[in-house]
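**Q** next come a sequence and a model predicted from it.
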Amino acid sequence: MSRVGTLEQLAELIAAHGPAVVLTGAGISTESGVPDFRSAEGIWADVDPFEVASIEAFHRDPIRVWRWYGPRIHGLLAAEPNAGHAALAELERSGHVRAVVTQNIDTLHTRAGSEDVVEVHGSIAWFDCLGCRRRTSLDDVLAQLPHREAPECATCGTILKPGVVMFGELLPVDAFSRAERLVRETGLLMAVGSSLQVWPVAGLPAETLRAGGRLAIVNAEPTELDGEAALVVRGGAGETLAGAARLLRKGSSRGRPDAS
């Protein structure tokens, strides 16, 4: 049975069973103003995702896809890392977090200073040519967008595909394989801001549990895996992670961990 717990208990769990692997979902980025997917104000509220964010739509009409993706990329880049992103970067530097596995494509973890980030749904940091397979950087694409609706490959002229996983595509094999290895090896998987409903990522906590590790969940709403967790903390990612980082920092300054 899970227990709904406190910041102090979360810090104790991290100190006792870390370094943690952290799995993040849309809930950590909503605090930076990035819309989620399923709410009434989410990104699919006014648009059919299979018309603008599927690989079939991209092959059929890449210009239409880019008319939606172009503004979205600018919106994601306008968002700033929040206290939760900053806390995870601090926890990585202090040795309490091994890596962040994220479902988010917004680069906020990297911009906050996290170094080991596994982006299992891809990222807006790069763009792929489906013609010659050349990869193009975000800066190069941003330089093109003021002059054309859809950026093109500098090598062959093919319209570039955003480096995110679209509907109808498989997750990147290397990234997901590493995510699986990380969650099997960790003593503590901390799921933050994720509904834990999107597969195959939703299956990662079970890998940790089967290997004998513990699961902690930080989320504002209940998840289907709450009953499997050693600890559930109800609350926002920013406040919760910043509080845990503060407690662990204080424990380190006293020369002992906060774990009992």
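**A** Thanks, I have it.
**Q** just give the nearest non-adjacent residue to the spatially most central residue of the chain, would you?
**A** The centroid of the chain falls nearest to residue 102 when counting by Cα atoms, centre = their mean (2.5 Å). Nearest non-adjacent residue to residue 102, counting by Cβ to Cβ, 6 or more residues apart in numbering: residue 24, 4.6 Å away. (Each C-beta comes from the backbone N, C-alpha and C, glycine too.)
**Q** in the beta-sheet assignment, what are the partners of the one you found?
**A** Taking DSSP bridges as the rule, residue 24 bridges to residue 102, residue 192.
**Q** low-confidence ranges in the chain?
**A** 1-2, 36-47, 252-260 (pLDDT under 70).
**Q** now the residue nearest to the centre of the chain: how far from residue 179?
**A** Separation of residue 102 from residue 179 (Cβ to Cβ, to the nearest Å): 9 Å.
**Q** for residue 50, same thing?
**A** 26 Å.
**Q** out of those two, which sits in the busier spot?
**A** Neighbours were counted for residue 50 and for residue 179 using other Cβ atoms under 10 Å; residue 179 has more, 24 against 14.
**Q** isn't there a helix covering that one?
**A** Yes: according to DSSP: H, G, I helix; E, B strand; the rest coil, residue 179 belongs to a helix.
**Q** that one against residue 204, yeah?
**A** Yes: in terms of Cβ atoms under 8 Å, residue 179 counts as a neighbour of residue 204; the distance is 6.3 Å.
**Q** what helices or strands is the host helix or strand of residue 143 leaning on?
**A** Assigned by DSSP states H and E, residue 143 belongs to helix 138-144. Here helix 138-144 touches strand 122-128, going by 3 or more Cβ pairs under 8 Å, 6 or more residues apart in numbering; DSSP states H and E.
**Q** other SSEs contacting the strand it packs on?
**A** Using 3+ Cβ pairs under 8 Å, 6+ apart: strand 122-128 touches helix 62-78, strand 135-137, helix 138-144, strand 161-164.
**Q** outside of the last one, which residues touch it?
**A** Going back to what we said before, that points to strand 161-164. 58, 62, 69, 73, 105, 121-130, 135 (Cβ atoms under 8 Å, 6 or more residues apart in numbering).
**Q** ok, stretch 86-102 next?
**A** 14-15, 18-25, 109, 112-121, 179, 182-183, 186, 192, 201, 204, 238, 241-242, 244-245, 248-249, 252.
**Q** pull the CA atoms of it into CSV?
**A** Written as CSV, here are the backbone C-alpha positions of stretch 86-102 (Å, rounded to 0.1, in the frame of the first residue of the first chain):
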residue,chain,number,x,y,z
ALA,A,86,15.9,23.9,-11.1
ALA,A,87,15.5,21.6,-8.1
LEU,A,88,16.1,18.5,-10.2
ALA,A,89,19.3,20.1,-11.7
GLU,A,90,20.5,20.9,-8.2
LEU,A,91,19.7,17.3,-7.0
GLU,A,92,21.7,15.9,-9.9
ARG,A,93,24.7,18.1,-9.0
SER,A,94,24.5,17.0,-5.4
GLY,A,95,24.4,13.4,-6.3
HIS,A,96,20.8,12.7,-5.3
VAL,A,97,19.5,12.3,-8.9
ARG,A,98,21.2,10.1,-11.4
ALA,A,99,19.2,11.1,-14.5
VAL,A,100,15.9,12.5,-15.7
VAL,A,101,13.8,10.6,-18.1
THR,A,102,11.3,13.0,-19.6
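**Q** all helices for this protein, in order.
**A** Using DSSP state H, the helices of the chain run over 7-17, 26-29, 49-52, 55-60, 62-78, 83-93, 108-112, 138-144, 173-185, 204-210, 237-253.
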